[in-house]
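J.: kindly generate the corresponding structure for this input.
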Amino acid sequence: MIDVPGIYQIGAAEYHRDSVGPAPSLSASIAHILLNQSAWHAWFAHPRLNPAYERQDDERFDLGTAAHAYLLEGESGFTIIQAPDWRTKLAKEARDDARRDGKIPLLADRWGDVQGMALAAGQQLDVNEDPPRPLANGRPEQTLVWQEDGAWCRARLDWLHDDRKTIDDLKTTGASANPDVWTRALFGAGHDVQAAFYLRGLKALTGITAAFRFVVQETFPPYALSVIGLAPEALEIGARKVEYAIRLWRHCLALGEFPGYPTRVCYADPPPWESARWLEIETRARFTDDDRPLADQLMGESDAGARAH
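T.: Residues are numbered from 1 along each chain as shown. As a prediction, this is how the structure comes out:
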């Protein structure tokens, strides 16, 4: 059990068990759940609060973990399973044995994917034009442990540069790593909260205001990647979310209460774009003595607008 704030090198299993402090600690993923679902969901997802907690792993998780481990730490720590899938009893037993030994189980036909991803990543990062080179001159899998007015917090950094001025976080995606595409889902996935949470922890421990970058790589050939930072406004919004999440976490722990969604009827207000869209439709719909059906009139207006453009 870690009970002193600092920067540590600990295993993933120990980290995910929350072996930090005398009370359950807040992580970036729990903060995201607090903000986007409810305190009850956060309680359910926490290994030290929910007595029935069980970490959910599957083959997709193991592939992502393998890509992380290979890129960040090399070839050690893998168990290659000679099976086409996880459906057979023997394959499942081999997978479970590997996990008990602290290894990453991986199907044999995915090993080439992991190696290909690592090679492609290295080649692309070597020509990245903005120093420092991502995922270089630093240490992988660094765990930050700190306190926020009595509330314990933890974060596991994929890569912390030696000067502690830059944090790199590796993401893999089965979709697109194009910055314009990937960033559309950034806020919904809580990546702004993750970045702000990590930066807050590092500053609390070192006093350093660091930079944060996502290294986003596709999991299919040619394994293209992009390096994506957050603009100051995005980081500011993330920091405000983190502040709120920490206060809410502290409050729930103090009361021993983790409420779910509201118990009263909630009413939905239309978003601004929906009001504007309907106003435009009403404006186009001129009710005259035109004998054509209204739908045809609207279609005619739409066609005219399209031709004008």
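
J.: from here on, contacts and neighbour counts on C-alpha atoms
T.: Will do.

J.: list the contacts of the nearest residue to Tyr8 once chain neighbours are set aside.
T.: Setting aside the residues directly before and after it, Tyr8 is nearest to Thr143 in space (C-alpha to C-alpha, 6 or more residues apart in numbering), at 5.0 Å. Residues near Thr143 by C-alpha atoms under 8 Å, 6 or more residues apart in numbering: 7-10, 15, 154-157.

J.: quickly list what Thr143 is bridged to.
T.: Counting by DSSP bridges, Thr143 is bridged to Tyr8, Arg156.

J.: where does the stretch 201-309 of the chain have low pLDDT?
T.: 286-309 (pLDDT under 70).

J.: all strands of it, in order?
T.: Using DSSP state E, counting those that start in this stretch, the strands of the stretch 201-309 of the chain run over 211-218, 225-229.

J.: need these in CSV with mean neighbour count, can you?
T.: Output for the strands of the stretch 201-309 of the chain, formatted as CSV (neighbours: other C-alpha atoms under 10 Å):
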stretch, mean neighbour count
strand 211-218, 20
strand 225-229, 19
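
J.: right, and the ones you listed - which one's nearest Ser275?
T.: strand 225-229 (33.5 Å; C-alpha to C-alpha).

J.: who are the packing partners of that closest one?
T.: helix 179-182, strand 211-218 (3 or more C-alpha pairs under 8 Å, 6 or more residues apart in numbering; DSSP states H and E).

J.: give me the residues contacting the first one.
T.: Right, helix 179-182. By C-alpha under 8 Å, 6+ apart, the list of residues contacting helix 179-182 reads 176, 226-228.

J.: ok, how many other residues are close to Ser27?
T.: As a burial measure, Ser27 scores 22 neighbours (other C-alpha atoms under 10 Å).

J.: which residues does it contact?
T.: Contacts of Ser27 (C-alpha under 8 Å, 6+ apart): 153-155.

J.: of those, which is the nearest to Ala98?
T.: Distances from Ala98 to the contacts of Ser27, taken by C-alpha to C-alpha, are shortest for Ala155, at 25.3 Å.
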